[in-house]
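Asker: Please find the sequence and the predicted model below.
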Amino acid sequence: MTAFRFVGSVAVVTGGARGIGRGITDGFLAAGADVVICGRTEPAPEDLPSAVGPDGVARTAVFVAADIRDPDQASSVIEAAVGRFGRVDVLVNNAGGSPPADAATASPRFSTSIVALNLLAPLHCAQAANAVMQGQEEGGSIVNVASVSGLRPSPGTAAYGAAKAGLINLTQSLAIEWAPRVRVNSVSAGLVATGAADDHYGGAEGMAAVAATVPLGRFGTPADIAGLCLVLASPLAAYVSGANLVAHGGGERPAFLTAVERATGGAGDR
């Protein structure tokens with residue numbers, strides 16, 4: 001049961017039908033918010049996220065078909081939320097991602113698409129949401145889902161890492177420009193267990209091997225990221241803006257420790 005209460009609030013979650021976005025959508029629905037989600041492919045009606053809020057009311061997410069890399073389609077998502085519910089209190093810019101690509105051979109079209117999805121699309125959505133939130137007495141909250149790839153080298157997904165680094169910087173800039181009525185924060189996610197992650201790491205065996213490298217001993221879950229989004233959007237974070245919360249289970253074990261172990265046959269300096 002959620003510890004948060006968002007009854008009467010309206011949240012927009014981009015890419016909110018699956019993966020991390022689905023967890024975020026579930027979290028806001030369980031907290032009683034009306035939620036609008038978007039994506040390029042509409043889920044079957046039975047697959048739309050739904051939950052009973054703390055007020056006992058069952059709510060189902062409203063889906064809007066949109067490719068938010070296009071500014072007009074990004075604006076249409078916010079317009080749909082206002083048209084349906086009269087306001088937008090929370091925007092979670094979750095949509096993003098990238099398949100692996102060698103930076104030396106990645107095509108300009110591929111790189112442009114990745115930057116557009118992971119950096120420009122959040123900006124388009126944020127601009128549209130800000131225009132609404134600035135006119136609301138209570139303002140609003142924007143949470144950008146970034147990645148640890150934006151905080152350290154991202155070999156194999158260079159354009160993605162660069163875009164996420166830009167998203168963190170964008171968060172800080174918008175927090176200053178749009179204050180005091182709109183708060184803007186980001187969550188940098190580490191390894192999160194989703195269907196895509198299972199495929200990327202080679203199934204259960206690969207996932208277990210990778211999880212063993214995380215200090216907390218496991219992958220994160222979509223619910224872990226959702227919890228931080230709920231905190232940042234809630235009154236508990238009323239004085240938090242321009243922050244980047246890192247959710248990575250303690251981080252990555254330094255490579256030099258493994259090198260020392262291999263060289264000495266010992267445990268290294270932990």
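Answerer: Great, that's in hand.

Asker: middle-most residue in this protein, spatially?
Answerer: Computing the C-alpha centroid of the chain and ranking residues by C-alpha atoms, centre = their mean puts Val145 first, at 2.8 Å.

Asker: Now do the buried residues in the helix ranked longest in the chain.
Answerer: If you go by DSSP state H, the chain has its longest helix at helix 158-177. Neighbour-count burial for helix 158-177 flags 158-168, 170-172, 174-175 (criterion: 16 or more other C-beta atoms under 10 Å). In this view, the C-beta of every residue, glycine as well, is placed from N, C-alpha and C.

Asker: re the thing from before, out of everything not next to it in sequence, what's closest to the residue nearest to the centre of the chain?
Answerer: Asn94 (4.5 Å; C-beta to C-beta, 6 or more residues apart in numbering).

Asker: do the same with Gly140
Answerer: Spatial nearest neighbour of Gly140, chain neighbours left out: Met133 (3.1 Å); criterion: C-beta to C-beta, 6+ apart.

Asker: who are the neighbours in contact with the one you found?
Answerer: Counting by C-beta atoms under 8 Å, 6 or more residues apart in numbering, Met133 touches 88-89, 139-140, 142, 181-182.

Asker: quick revisit: report whether the expected contact of the residue nearest to Val145 with Ile20 is present.
Answerer: Yes - under the criterion of C-beta atoms under 8 Å, Asn94 makes contact with Ile20 at 6.0 Å.

Asker: Common neighbours of these two, please.
Answerer: In contact with both Asn94 and Ile20: Val145, using C-beta under 8 Å, 6+ apart.

Asker: how far out from the middle of the chain is the longest helix of the chain?
Answerer: Centroid separation for helix 158-177 versus its chain: 13 Å, with C-alpha atoms, centre = their mean, to the nearest Å.

Asker: Mind giving me the packing neighbours of that helix?
Answerer: helix 108-115, helix 121-133, strand 140-147, strand 182-189, strand 244-247 (3 or more C-beta pairs under 8 Å, 6 or more residues apart in numbering; DSSP states H and E).

Asker: repeat that for 7 Å
Answerer: helix 108-115, helix 121-133, strand 140-147, strand 182-189 (3 or more C-beta pairs under 7 Å, 6 or more residues apart in numbering; DSSP states H and E).

Asker: Could you say which of these is packed most deeply?
Answerer: strand 140-147 (a mean of 28; mean count of other C-beta atoms under 10 Å).

Asker: before we move on, the earlier item: among the buried residues of helix 158-177, which one sits closest to Pro254?
Answerer: Gly161 (19.0 Å; C-beta to C-beta).

Asker: Verify the stated contact: that closest one with Leu151.
Answerer: No - the criterion here is C-beta atoms under 7 Å, and Gly161 misses it with Leu151 at 8.7 Å.

Asker: Please identify every residue contacting each of those two.
Answerer: Shared contacts of Gly161 and Leu151 (C-beta atoms under 7 Å, 6 or more residues apart in numbering): none.

Asker: picking up where we left off before, just curious, which of the contacts of Met133 is nearest to Ala101?
Answerer: Using C-beta to C-beta, the contacts of Met133 come closest to Ala101 at Ile142, 28.6 Å.

Asker: residues contacting that closest one?
Answerer: 91, 126, 129, 182, 184.

Asker: need these in JSON lines with distance to Leu29 and pLDDT, can you?
Answerer: JSON lines is the format used below for the contacts of Ile142 (distance: C-beta to C-beta, whole Å; pLDDT from 0 to 100):
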{"residue": "Leu91", "distance to Leu29": "16", "pLDDT": "99"}
{"residue": "Ala126", "distance to Leu29": "22", "pLDDT": "98"}
{"residue": "Ala129", "distance to Leu29": "19", "pLDDT": "98"}
{"residue": "Val182", "distance to Leu29": "23", "pLDDT": "98"}
{"residue": "Val184", "distance to Leu29": "23", "pLDDT": "99"}
